[in-house]
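S.K.: Just to be clear, the model below is a prediction. Sequence and coordinates:
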Amino acid sequence: MSNRPLNFLHLTTFYPPYSFGGDAMYLYRLCHALGDEGHQVDVVHCVDSYHLLHPGEPEIQFADHPNVKVHGLRSGYKWLSPLLTQQTGRAYLKRRPIRDLLASKPYDVMHYHNTSLLGPEVLTWQPEQGKAVKLYTTHEHWLICPMHVLWKFNSRPCEKPECLRCTLHGKRPPQLWRYTGMLEHASQHVDQFVSPSRFTANMHAERGFPKSVAHLPYFIDRADQDWQNPGPRPQERPYFLFVGRLEEIKGLQTLINVWKQIDKYDLLVAGTGNFGEQLRAQAADNPHIKFLGALPQRELGALYFHSLACVVPSLTYETFGIIIIESFARKTPVIVRDLGALPEVVQDSGGGFVYRTDQELLLALESLATSTTQRQELGQKGYEAFLRWWCKEAHLKLYFHFLQQTAIHKFGSLI
């Protein structure tokens, strides 16, 4: 870790509460962890992009940090701002406030996250004072997929690129800049690309991304209170848990189908999303499936702890699966689909089951539901792996190792 307070600038499209997924939660936790260490952190995100997908204000608010200053970009042109960036790759209507921030202080670190609606142009910018290490985290597959998630023709995981056809099928306007050298040129201005999983790092290499991508896994804060002094059970009946956005690619509809064969235990669902209405309709005649809506992190702890296991049935290539380590932090095992980065996290920990078919899923559910000993053993393995690799202390150590090694390579000295 650095011996002096550093100035960090994080640039992203979404940041809590104006956000939707685990990538924004990772960034929120990272910024607050850096602030706790005495570093000064600025965060730039695009409120207009959030409202492009969610017209109203966020349902859940997030606490501020005295060392973290958040700069939400808003344009009088509203939705036109992210659309213009999506089409051109340039931050035309967001350029001035970002440039003003870059001129305001000597940043030591510029860290890019989901920059899809800031555009690749921002990767080329530098602070006007001092010198900065520039890091990019591939929270999604946006660098190699205009649809972000490698979900082909809105129906299956992408086995080979057919990007123009897939974009048109997804009713997105094609990005002409992707057929120029703009992204390749911009990527040369980033010192180090990192990914939360080895799977995603390898996927970028396989799809021809020109820069190497290293492995920097996600983290969450310790949740010792959640298992040492857990909150009350949410219900008496035993239950399995699904946590995540209610979107087709997250695969909850497959669990709803499986739950037609289950009556001994419930499925609790925490989350919201644009596929929620269809999912509720699908589960309407099943009293053992309960939708809880969006819940703040402080209410999720007891849900994780008291569940038999957390099930992650995603249908496309997740870049990590932060829900898994949220479960492990509460000594709760997981059951995940054998796809993307999900099995990697389970295999690294030994904290759960991996399934391919509905029958394998049913066997895993029954095994955990009927064996307290097995649940405890798998949960303990997941927790021990969480402490080794996915807690805040482990992450900050590795994060600063990347920064310092990159600084030595770039400047010949530490930052």
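M.R.: Okay, I see it. Numbers count the residues shown, from 1 in each chain.
S.K.: Can you classify the residue lying closest to residue 90 once chain neighbours are set aside by secondary structure?
M.R.: Closest residue to residue 90 in three dimensions, ignoring its sequence neighbours and counting by Cβ to Cβ, 6 or more residues apart in numbering: residue 121, at 4.4 Å. C-beta here means a position set from N, CA and C on the backbone, and glycine is covered the same way. With DSSP: H, G, I helix; E, B strand; the rest coil as the basis, residue 121 sits in helix.
S.K.: Run through the residues that contact residue 121.
M.R.: Contacts for residue 121 (Cβ atoms under 8 Å, 6 or more residues apart in numbering) come out as 89-91, 182, 186.
S.K.: how about JSON lines for the residues you listed, with secondary structure, pLDDT and distance to residue 259 added?
M.R.: Output for the contacts of residue 121, formatted as JSON lines (DSSP: H, G, I helix; E, B strand; the rest coil; pLDDT from 0 to 100; distance: Cβ to Cβ, whole Å):
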{"residue": "89", "secondary structure": "coil", "pLDDT": "96", "distance to residue 259": "44"}
{"residue": "90", "secondary structure": "coil", "pLDDT": "96", "distance to residue 259": "47"}
{"residue": "91", "secondary structure": "coil", "pLDDT": "93", "distance to residue 259": "45"}
{"residue": "182", "secondary structure": "helix", "pLDDT": "96", "distance to residue 259": "46"}
{"residue": "186", "secondary structure": "helix", "pLDDT": "97", "distance to residue 259": "46"}
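S.K.: mind putting the residues you listed in TSV, neighbour count included?
M.R.: Below are the contacts of residue 121 laid out as TSV (neighbours: other Cβ atoms under 10 Å):
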residue	neighbour count
89	21
90	17
91	27
182	20
186	21
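S.K.: what's the closest of those to residue 149?
M.R.: Minimum distance to residue 149 across the contacts of residue 121 is 19.2 Å, recorded for residue 89 (Cβ to Cβ).
S.K.: Low-confidence bits of this structure, can you list those?
M.R.: Scanning the chain for pLDDT under 70 picks out 1-2.
S.K.: Looking at it, which helix is longest?
M.R.: helix 392-411 (DSSP state H).
S.K.: Check the burial of the closest residue in space to residue 195 that isn't next to it in sequence by counting its neighbours.
M.R.: Spatially, and ignoring its direct neighbours in sequence, residue 195 is nearest to residue 201 (4.2 Å; Cβ to Cβ, 6+ apart). When neighbours are counted by other Cβ atoms under 10 Å, residue 201 registers 22.
S.K.: ok, residue 255 touching residue 262?
M.R.: No: Residue 255 is not in contact with residue 262 according to Cβ atoms under 8 Å; the separation is 9.6 Å.
S.K.: who's more crowded, those two?
M.R.: In this view residue 255 and residue 262 are compared by other Cβ under 10 Å, and residue 255 has more residues nearby, 24 against 18.
S.K.: how close does the nearest residue to the more buried one once chain neighbours are set aside sit to residue 337?
M.R.: The shortest distance from residue 255 to any non-neighbouring residue, by Cβ to Cβ, 6+ apart, is to residue 313 (5.5 Å). Distance of residue 313 to residue 337, given as Cβ to Cβ, to the nearest Å: 5 Å.
S.K.: Identify the contacts common to the two.
M.R.: Common neighbours of residue 313 and residue 337 (Cβ under 8 Å, 6+ apart) are residue 251.
S.K.: hang on, isn't the residue nearest to residue 195 packed against residue 213?
M.R.: Yes: contact criterion Cβ under 8 Å: residue 201 and residue 213 qualify, at 4.1 Å.
S.K.: my read is residue 114 is in a strand, agree?
M.R.: No: counting by three-state DSSP, residue 114 falls outside a strand, being coil.
S.K.: State the number of residues packed around it.
M.R.: Neighbours of residue 114 (other Cβ under 10 Å): 25.
S.K.: Identify the residues contacting the residue nearest to it when sequence neighbours are not counted.
M.R.: Spatial nearest neighbour of residue 114, chain neighbours left out: residue 13 (4.8 Å); criterion: Cβ to Cβ, 6+ apart. Residue 13 makes contacts with 45-46, 49, 82, 113-118, as judged by Cβ under 8 Å, 6+ apart.
S.K.: Which pair in those has the greatest spatial separation?
M.R.: Longest span within the contacts of residue 13, Cβ to Cβ: 82 and 113, 15.6 Å.
S.K.: what's the distance between the residue nearest to residue 221 when sequence neighbours are not counted and residue 399?
M.R.: For residue 221, ignoring the flanking residues on the chain, the nearest one in space by Cβ to Cβ, 6+ apart is residue 392 at 5.4 Å. Here the criterion is Cβ to Cβ. By it, residue 392 lies 10 Å from residue 399.
S.K.: could you measure residue 287 against residue 401, distance?
M.R.: Distance from residue 287 to residue 401, by Cβ to Cβ: 51 Å.
S.K.: Residue 225 now?
M.R.: 29 Å.
S.K.: what's the answer for residue 343, then?
M.R.: Computed as Cβ to Cβ, the residue 343 to residue 401 distance reads 26 Å.
S.K.: what's around residue 173, how many residues?
M.R.: What residue 173 shows, counting by other Cβ under 10 Å, is a neighbour count of 11.
S.K.: what about residue 211, distance to residue 323?
M.R.: 29 Å.
S.K.: Looking at those two, which is more packed in?
M.R.: In this view residue 211 and residue 323 are compared by other Cβ under 10 Å, and residue 323 has more residues nearby, 27 against 15.
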